[in-house]
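Q: Need coordinates for the below:
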Amino acid sequence: MRRVSTAIVVAITLLGLAAAAAADDVAAVRQLLMATFDKPEAPLVVAPVVVAGDHAVADWSQGERGGRALLRRARPGGEGWSLVLCAGDGIRAAEALRQAGVPAADAQTLATRLADAERALSPERRALFATFEGIVTMHGSGAANH
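A: This is a model prediction of the structure:
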């Protein structure tokens, strides 16, 4: 009985640590985008943010425009994030995320989590994310390793 109790306590502790790490990742992604694109005359809104493995997708809006950003952990398994690309609806699907270099399992998880998170948003807010046309790759941007 004592071993079962200990195992339950360990499992709960590990789940709590994983939730805290995920919250830290979401905060770090938001902070990077805010530091890079927020302007007093055009406030940036970043939400939702979903994370899987070493990748994240963040929905953003600024005024009457919006889009999605794909980010990669600056050091695999480590801290810090870098901006990979910005797009609109072009990176919602798992296949598009795979083509952008996200491992297949993480791409599927990101696509599912993003769809789930966006369902909670108003149709007007979701429509903003589609206003970004094309895909812009962020090679050597100031956001890298921020």
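
Q: So the spatially closest residue to Glu133 that is not a sequence neighbour versus Gly134, what's the distance?
A: Once flanking residues are discounted, Glu133 sits nearest to Gly88: 6.3 Å by Cβ to Cβ, 6 or more residues apart in numbering. For glycine as for every other residue, the C-beta is placed from the backbone atoms N, C-alpha and C. Gly88 sits 8 Å away from Gly134, going by Cβ to Cβ, to the nearest Å.

Q: do the same with Ala35
A: To Gly134, Ala35 is 24 Å away according to Cβ to Cβ.

Q: Return the helix or strand in the protein with minimum mean pLDDT.
A: helix 2-37 (a mean of 67; mean pLDDT, DSSP states H and E).

Q: tell me what the next helix or strand after that one is packed against?
A: Helices and strands here follow DSSP states H and E; after helix 2-37, the next one along the chain is strand 44-52. The contact analysis (3 or more Cβ pairs under 8 Å, 6 or more residues apart in numbering; DSSP states H and E) places strand 44-52 against helix 2-37, strand 55-62, helix 104-119.

Q: Buried residues in strand 44-52, which are they?
A: Judged by neighbour count using 16 or more other Cβ atoms under 10 Å, the buried positions of strand 44-52 are 44-46, 49-52.

Q: Show me what it is in contact with.
A: Strand 44-52 is contacted from outside by 22, 25-26, 29-30, 33-34, 37-38, 56-62, 102, 105-107, 109-110, 113-114, 117-118, 120-121, using Cβ atoms under 8 Å, 6 or more residues apart in numbering.

Q: Please apply the same query to stretch 78-88.
A: 25, 28-29, 32-33, 36, 56, 66-74, 91, 100-101, 129-138, 141, 143-146.

Q: That one: which residues count as buried?
A: Result for stretch 78-88 [16+ other Cβ under 10 Å]: buried residues 81-88.

Q: Of the residues you listed, which belong to strands?
A: 81-87 (DSSP state E).

Q: Just give me the closest of those to Ala96.
A: Ala96 lies nearest to Ala87 out of those, by Cβ to Cβ, at 8.0 Å.
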